[in-house]
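Visitor: Next one to model:
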Amino acid sequence: MQSGKEQVAEQRWLPDVAVPSAPTGLDAEAIARHPRFTAFLRQQASTLVSIHAVNPRIASVFATQQRWLIAHLALAHYFRGSGAEGSSGFHVTPFLDAVEAHGIASRNTADAFLKEMGHYGYLAKAAAGPDRRLRPLEPTAISLEMICAWLATHLTTLDGLDDGQRCAAFLAQPQAIAAIQPRIADALMQSGAIREPGTTFSLFTWLNEGGIVMDWLYAGLGEIAPDCERIPTHVTSIADLGSRIRLSRTHLTRKLRLAESLGSLGWLGKRGKSTLWVSAGFVAEYHAQQSVKLAIIGDAFHAVLGQRR
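Guide: Below you'll find the predicted structure:
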């Protein structure tokens, strides 16, 4: 894969060569019904947890629903704005306008997010355009590497479902992220299923590290029988779960009790000191979100690097 600087330099380039064996796009319903979906989704969840472990701080950018959407919108503005009017980045004001227009967060929250990303070295000031009063921003190399790894992980899942070669095609031409990611961001912003997930999914995605915790829980599930209402996890105590989430024990316990009251999870024995189980409903909501997201990613890939047949 090219370095972040090389990607920035070539990001407007789109390939004009054929992609080998570009498979037919899969819609969300076909993905969710696929007999290999659970196996490859478990593999995807495990990979995302591993990516988080390598760089927990930057991975936390995608760890709540709000921050995940803000980050995708920021990247889309960068990829679309870079190179326009002599700039190599995106301008803050139009980005904040878009965050507000989509109802993702307040302008202050989005602005604080950008400042935090700059503080930790994930955003930097880009070369100014003709108006020197404006200082556009651009993601740093590690941020570009992270979004490429995220995309490659999901393309691998899609490949597993229909024996495609999406991931190989993308890794051969990673600069195509500049055209693929904005399409993904657009669809995420417009998707009711993504923006308004089920009750249990919502409970987790708005927790600090909640997104990665759901991946972690799912990656550790055993075989899921069709008629099983309570699926045991690999979590055996509140302390075990708490080590994955940046919440106080009191706050975490309160959230877990709420999830218990919804029937989304519980304990096989003594509360907080036995094996944690998740409900079939929890798994169904996770599957629904992942199938919609994968369909969005597949469509964006095919629009740029592949052809439906």
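
Visitor: Following the helix or strand bottoming out on mean pLDDT in the chain in sequence, what is the next regular element?
Guide: Every helix and strand of the chain was ranked by mean pLDDT, DSSP states H and E. The lowest is helix 4-10, at a mean of 39. Counting by DSSP states H and E, the next helix or strand C-terminal to helix 4-10 is helix 28-33.

Visitor: buried residues in that next one?
Guide: 28, 31-32 (16 or more other C-beta atoms under 10 Å). Bear in mind the C-beta positions are built from the backbone N, C-alpha and C, glycine included.

Visitor: elements contacting that helix?
Guide: With contacts taken as 3 or more C-beta pairs under 8 Å, 6 or more residues apart in numbering; DSSP states H and E, helix 28-33 sits against helix 280-305.

Visitor: starting at the chain centroid, how far to the helix it packs on?
Guide: With C-alpha atoms, centre = their mean, to the nearest Å as the basis, helix 280-305 stands 11 Å off its chain's centre.

Visitor: which parts of it are buried?
Guide: Those buried within helix 280-305 under the rule 16+ other C-beta under 10 Å are 280-283, 285-302, 304-305.

Visitor: Residue 248 and residue 238, how far apart?
Guide: In this view, residue 248 and residue 238 are 11 Å apart by C-beta to C-beta, to the nearest Å.

Visitor: One more: residue 101?
Guide: Using C-beta to C-beta, residue 101 is found at 40 Å from residue 238.

Visitor: So which of these two has more stuff around it?
Guide: residue 238 (17 against 9; other C-beta atoms under 10 Å).

Visitor: What distance do you get for the more buried one to residue 119?
Guide: Taking C-beta to C-beta, one finds residue 238 at 32 Å from residue 119.

Visitor: quick one on the thing from earlier: looking at the buried residues of helix 28-33, spot the one nearest residue 152.
Guide: For the buried residues of helix 28-33, the closest approach to residue 152 (C-beta to C-beta) belongs to residue 31, at 17.6 Å.

Visitor: residues touching the closest residue to that closest one other than its chain neighbours, list them.
Guide: For residue 31, ignoring the flanking residues on the chain, the nearest one in space by C-beta to C-beta, 6 or more residues apart in numbering is residue 291 at 4.2 Å. By C-beta atoms under 8 Å, 6 or more residues apart in numbering, the residues touching residue 291 are 28-29, 31-32, 37.

Visitor: One more pass at 6 Å, please.
Guide: The contact partners of residue 291, by C-beta atoms under 6 Å, 6 or more residues apart in numbering, come to 28, 31-32.

Visitor: which one of those is nearest residue 264?
Guide: So of the contacts of residue 291, ranked by how close each gets to residue 264 (C-beta to C-beta), first place is residue 32, at 19.2 Å.

Visitor: That closest one and residue 293: what is the separation?
Guide: Relative to residue 293, residue 32 is positioned 11 Å away (C-beta to C-beta).

Visitor: now residue 47
Guide: Residue 47 is 14 Å from residue 293, by C-beta to C-beta.

Visitor: and if you look at residue 218?
Guide: As for residue 218, its distance to residue 293 is 14 Å (criterion: C-beta to C-beta).

Visitor: Settle this for me: residue 45 is touching residue 217, isn't it.
Guide: No - using C-beta atoms under 6 Å, residue 45 is not in contact with residue 217, being 8.4 Å away.
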